[in-house]
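*Asks:* here is the input, now give the coordinates:
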Amino acid sequence: MSAVSSTSSRPEPRPGVLAISAYVPGKSHAPGVEKVYKLSSNETPIGPSPKALEAYAGAGARLEDYPDGTASVLRKAIAHAYGLDPARIICGAGSDELLNLVAHVYLGPGDEAIYCEHGFLVYRIATLSAGGTPVVAPEKDLTADVDAILARVTARTKLVFLANPNNPTGTYLPIAEVRRLQAGLPAHVLLVLDAAYAEYVRRNDYEVGLELALSAPNVLMTRTFSKIHGLAGLRIGWAVGPDHVIDAMNRVRGPFNMNTPAIAAGAAAIADQAHVEKAADHNARWLSWLTAELEKIGLKVTPSVANFLLIHFPETPGLTAREADAFLIRRGLILRVVASYGLPNALRMTVGSEEANRLAVAALADFMAGKANEGQGA
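*Replies:* Residues are numbered from 1 along each chain as shown. Predicted structure coming up:
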């Protein structure tokens with residue numbers, strides 16, 4: 001029996017895969033700098049709960065065993081913290097895995113997914129990798145626009161991704177607007193509420209949208225342990241939604257997508273609300289301080305409710321975001337370049353430790369004062 005002939009000299013990905021721009025995380029290193037302050041990935045400077053670290057260490061004694069394929073301990077801990085039914089919860093390797101899972105469950109060739117103009121890059125990647133078509137809704141004042149989203153819904157729309165608060169802008173929609181969005185969507189469209197930064201928000205008109213995920217047949221909410229819980233290195237995410245959505249996602253989820261130390265650490269972390277409050281208090285204090293100090297030195301800052309700031313730079317040669325990034329790196333301060341988000345003249349800065357925050361402001365003050373060619377010491 002002869003082999004089937006082919007014009008290709010190697011295996012080729014299916015059409016469209018090589019057209020996807022791979023996600024590039026924030027930088028971690030500054031060459032030639034002794035001490036680096038990483039403010040590019042929205043990691044908490046408080047670190048994880050000591051109880052989570054203890055649980056993580058304890059889980060290392062049984063690594064020869066497969067993990068619990070349903071992450072039952074973690075799901076029960078999440079359910080207890082929020083008063084949920086564990087059966088309505090699915091866990092994954094970060095919320096990124098869950099966003100990709102939902103895309104692969106509901107999208108195929110000819111289907112569309114809507115996300116906002118400056119939305120998280122994973123939405124586009126997940127949509128394209130599932131064979132779907134990404135549709136971008138313009139924003140208003142760097143904030144999601146419900147009317148613009150609804151105007152782009154068609155019979156082919158299957159998903160709407162909404163980060164609330166949004167990364168990298170730090171802006172948010174009040175709960176009334178989120179409800180209006182859900183009410184305006186056809187029944188066949190699933191609204192995916194990405195609430196990765198919800199724990200940081202301190203606004204009276206904000207709600208995470210949990211009641212929508214519990215009551216509406218077309219709302220899924222995703223959460224993460226990577227931010228306020230300080231467990232980014234373990235990759236832990238979870239989602240809650242209608243039974244039929246969770247069931248469909250579980251059918252394509254890997255059988256052991258969560259490792260044992262992650263399950264144990266996550267369960268301990270979500271039970272330590274005192275540690276969460278400590279991280280939120282630190283963020284609230286320094287978020288307002290950073291905003292005020294950066295504005296004093298002539299930089300525009302988009303009002304943020306999350307644990308990062310979007311800093312806008314002049315277009316004046318010598319004072320651009322690209323030049324600011326190079327200047328900051330020389331001082332060991334790594335911020336996030338956000339040109340890939342359609343924001344070429346801005347940098348995103350994570351709220352860091354007191355030391356890092358003060359050094360960043362001092363460095364940016366020097367930069368704006370035209371001291372880019374002076375010594376590297378801050």
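*Asks:* quick one: the nearest residue to residue 141 once chain neighbours are set aside from residue 299, how far?
*Replies:* Once flanking residues are discounted, residue 141 sits nearest to residue 171: 7.7 Å by Cβ to Cβ, 6 or more residues apart in numbering. Every C-beta, even on glycine, is put in place using the N, C-alpha and C of the backbone. To residue 299, residue 171 is 17 Å away according to Cβ to Cβ, to the nearest Å.
*Asks:* on that earlier part again, quick check: the residue nearest to residue 141 touching residue 162?
*Replies:* No: judged on Cβ atoms under 8 Å, residue 171 makes no contact with residue 162 at a distance of 11.7 Å.
*Asks:* give me the common contacts of those two.
*Replies:* Both residue 171 and residue 162 are in contact with residue 144, where contact means Cβ atoms under 8 Å, 6 or more residues apart in numbering.
*Asks:* what's the neighbour count on the closest residue to residue 133 other than its chain neighbours?
*Replies:* Nearest non-adjacent residue to residue 133, counting by Cβ to Cβ, 6+ apart: residue 112, 4.8 Å away. Per other Cβ atoms under 10 Å, the neighbour tally for residue 112 reads 20.
*Asks:* any idea how far residue 76 is from residue 112?
*Replies:* Relative to residue 76, residue 112 is positioned 36 Å away (Cβ to Cβ).
*Asks:* ok, now residue 221?
*Replies:* From residue 221 to residue 76 the distance is 18 Å (Cβ to Cβ).
*Asks:* circling back to that earlier point, helix, strand, or coil at the residue nearest to residue 141?
*Replies:* State at residue 171, reduced to three classes by DSSP: H, G, I helix; E, B strand; the rest coil: coil.
*Asks:* so who does residue 209 touch?
*Replies:* Taking Cβ under 8 Å, 6+ apart, we find residue 209 in contact with 164, 175, 178, 193, 195, 219, 221.
*Asks:* that should have said residue 225, apologies.
*Replies:* 231, 232, 234, 236, 237, 238, 266, 269, 270.
*Asks:* number of residues surrounding the residue nearest to it when sequence neighbours are not counted?
*Replies:* Distances taken as Cβ to Cβ, 6+ apart put residue 236 closest to residue 225, at 3.9 Å, once the chain neighbours are dropped. By the criterion of other Cβ under 10 Å, residue 236 has 30 neighbours.
*Asks:* same check, this time on residue 153
*Replies:* 18.
*Asks:* could you pull up phi and psi at it?
*Replies:* Per-residue torsions, residue 153: phi -80, psi 130 (degrees, to the nearest 10).
*Asks:* wait, it touches residue 185, no?
*Replies:* Yes: if you go by Cβ under 8 Å, residue 153 and residue 185 touch, sitting 6.5 Å apart.
*Asks:* spell out which residues are contacts of both of these two.
*Replies:* residue 160.
*Asks:* so which residues of the stretch 201-350 of the chain form helices?
*Replies:* Here the stretch 201-350 of the chain has its helices, by DSSP state H, counting those that start in this stretch, at 210-215, 243-252, 260-271, 273-296, 321-330.
*Asks:* please identify the buried residues of the first one?
*Replies:* By 16 or more other Cβ atoms under 10 Å, the buried positions in helix 210-215 come out as 210, 212, 213, 214.
*Asks:* gap between the second one and residue 285?
*Replies:* Noted for residue 212: a distance of 31 Å to residue 285, by Cβ to Cβ.
*Asks:* torsion angles phi and psi at the residue most central in space within the chain?
*Replies:* Per Cα atoms, centre = their mean, the C-alpha nearest to the average position across the chain is that of residue 196, at 5.5 Å. Main-chain torsions, residue 196, degrees, to the nearest 10: phi -60, psi -30.
*Asks:* ok, the one 10 residues further on next?
*Replies:* Summarising the backbone geometry of residue 206 under the convention degrees, to the nearest 10, its torsions are phi -100, psi 140.
*Asks:* dump the residue contacts of it.
*Replies:* Contacts of residue 206 (Cβ under 8 Å, 6+ apart): 172, 174, 175, 305.
*Asks:* of the residues you listed, which pair is most distant in space?
*Replies:* Maximum pairwise distance in the contacts of residue 206, criterion Cβ to Cβ, is 12.9 Å, between 175 and 305.
*Asks:* okay, these two: which has more neighbours?
*Replies:* Neighbour count, other Cβ under 10 Å: between residue 175 and residue 305, residue 305 has more, with 20 against 17.
*Asks:* which residue packs closest to the more buried one, ignoring adjacent ones?
*Replies:* What sits nearest to residue 305 in space, not counting adjacent residues and going by Cβ to Cβ, 6+ apart, is residue 201, at 4.6 Å.
*Asks:* ok, residue 231 next?
*Replies:* That would be residue 225: by Cβ to Cβ, 6+ apart, it lies 4.3 Å from residue 231.
*Asks:* for that neighbour, give its distance to residue 123.
*Replies:* Per Cβ to Cβ, residue 225 is found 20 Å from residue 123.
*Asks:* can you point out the buried residues in stretch 249-258?
*Replies:* Buried residues in stretch 249-258 (16+ other Cβ under 10 Å): 249, 253, 257, 258.
*Asks:* show me the contacts for the second one.
*Replies:* Listed by Cβ under 8 Å, 6+ apart, the contact set of residue 253 reads 90, 92, 101.
*Asks:* dig out what the second one forms beta bridges with.
*Replies:* Put plainly, it is residue 92. residue 237 (DSSP bridges).
*Asks:* burial check on it, number of neighbours?
*Replies:* The tally of other residues near residue 92 (other Cβ under 10 Å) stands at 24.
*Asks:* likewise for the first one?
*Replies:* The burial metric for residue 90, expressed as a neighbour count using other Cβ under 10 Å, is 27.
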